[in-house]
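# My questions are about this predicted structure, shown below with the sequence.
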Amino acid sequence: MKKSLLPLAAAIALTATAQIQAAESCPSTLRFADTGIEGSEELQRAYQGFVDEVESRLGVTVEFFPVGNRTTAINALRFEQVDIVLAGPSEYVLMAERVEGTKAITAIVRDAYYSVFIAPTDSGIESLEDLEGKHVAMKDHGSTTGHIMPSYMLHQAGLDIDRDLRISLLDGARMQALAAGEVDAVGTGIRDFAPFVAQHGEENYRIIARGQDMPGDPMVAGPHISAECITEMQEAFMNDPDGLLQAILAPGERDKYLGAKMVLVQDSEYDMVRESYALLGLSD
């Protein structure tokens, strides 16, 4: 009996030691935000399970800090109003550029996270080059897979996005515009394709171009968070990363992370997004 209890005792002791180390190197309260959620009640509903996990693993208190958009998140990091922000790849690039010293703790790598261009099967559009002179819908300004990467793909195909075609940022109306024939094609994330063709017929629309796989959505620490605390958070997050992801998915409101993985990430993995911003001259 004693022999069987040793591994459990060792695990408990290891967890307690990690909590003590985290408590010593991290602020006693960590403020958490998601750039895609505006209200504190919605943030709590979506992430309470995640917060409970983090508090248990680090031995600190986690508070919600709603930001709602990337501009607010950047300012909150700059003025030390928030400690950890879950951001998209393009948002992280802006944060790292505008708030020196921000660092990605870990990242959530989504399943099927890349951009595509969709066109009607009978349109005669078979490649990006065929979009010259056409009307193309995209999502909203700054969306990673719905604007940044589709624009970059057009640039890489040799098209001038200001002169060679017409681009409309239609956000949630982009797919309806394609179905109604108001635009010739849509540049968007791959996850939009399956539900769209399920509704409008797989034989009627096809993917004419596929972009590169995107880097993960990073958990970003502000520059005021010490390197020791970041290391402790990385160790805590990567100790059963699947359990942490399940806590995020439990409320059923973050379905975009179904099939995702939590990984350690290098800043250089976001260079493709930086190159996109530089080439396209985009700003927040």
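That came through fine. In this text the structure is predicted, and so the values were computed from the model without any measurement.
# can you give me the strands in the stretch 1-150 of the chain?
With strands called from DSSP state E, counting those that start in this stretch, the stretch 1-150 of the chain shows them at 29-34, 61-64, 84-86, 103-109, 115-120, 135-138.
# Name the residues that touch the longest one?
What that stands for is strand 103-109. 84, 86, 92, 215-221, 223, 225, 230, 233-234, 237-238, 241, 245, 248, 257, 260-265, 267, 269 (Cβ atoms under 8 Å, 6 or more residues apart in numbering). Backbone N, C-alpha and C define where each C-beta goes, glycine included.
# got the buried residues for that strand?
Burial within strand 103-109, assessed by neighbour count using 16 or more other Cβ atoms under 10 Å, is assigned to 103, 104, 105, 106, 107, 108, 109.
# partners of the first one in the sheet?
By that I understand residue 103. Beta bridges link residue 103 to residue 221 when assigned by DSSP bridges.
# ok, which stretches of the protein are helices?
For the chain, the helices defined by DSSP state H occupy 2-25, 40-58, 70-78, 89-98, 149-156, 174-179, 193-200, 227-238, 241-249, 271-280.
# how about the ones you listed, which one is nearest residue 117?
helix 149-156 (6.7 Å; Cβ to Cβ).
# Just list what that closest one packs against, helices and strands only.
Helices and strands touching helix 149-156, by 3 or more Cβ pairs under 8 Å, 6 or more residues apart in numbering; DSSP states H and E, are strand 115-120, strand 135-138, strand 185-189, helix 271-280.
# Out of the ones you listed, which gets nearest to residue 96?
helix 271-280 (8.8 Å).
# how about that closest one: buried residues?
Result for helix 271-280 [16+ other Cβ under 10 Å]: buried residues 272, 273, 274, 276, 277, 280.
# Can you give the distance of it from its chain's centre?
16 Å (Cα atoms, centre = their mean, to the nearest Å).
# Between helix 89-98 and that helix, find me the angle.
80 degrees (axes from the mean of the first three to the mean of the last three Cα atoms, to 10 degrees).
# hmm, back to that, would you turn the helices and strands packed on helix 149-156 into a markdown table with distance to residue 51?
Below are these laid out as a markdown table (distance: least, Cβ to Cβ, whole Å):
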| stretch | distance to residue 51 |
| --- | --- |
| strand 115-120 | 32 |
| strand 135-138 | 34 |
| strand 185-189 | 27 |
| helix 271-280 | 28 |
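# Apart from its neighbours in sequence, what residue is nearest residue 80?
Nearest residue to residue 80, sequence neighbours excluded (Cβ to Cβ, 6 or more residues apart in numbering): residue 224, at 4.8 Å.
# An error on my part: the question was meant for residue 82.
Nearest non-adjacent residue to residue 82 (Cβ to Cβ, 6+ apart): residue 76, at 4.1 Å.
# Tell me who's in contact with that neighbour.
33, 65, 67, 82, 85.
# And the buried ones among the residues you listed, selectable in PyMOL?
The following PyMOL line selects those of the contacts of residue 76 that are buried, judged by 16+ other Cβ under 10 Å:
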select buried, resi 33+65+67+82+85
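# Nearest to residue 208 among the contacts of residue 76?
Scanning the contacts of residue 76 for proximity to residue 208, where the rule is Cβ to Cβ, the winner is residue 85, at 35.0 Å.
# OK, contacts around residue 124?
residue 130.
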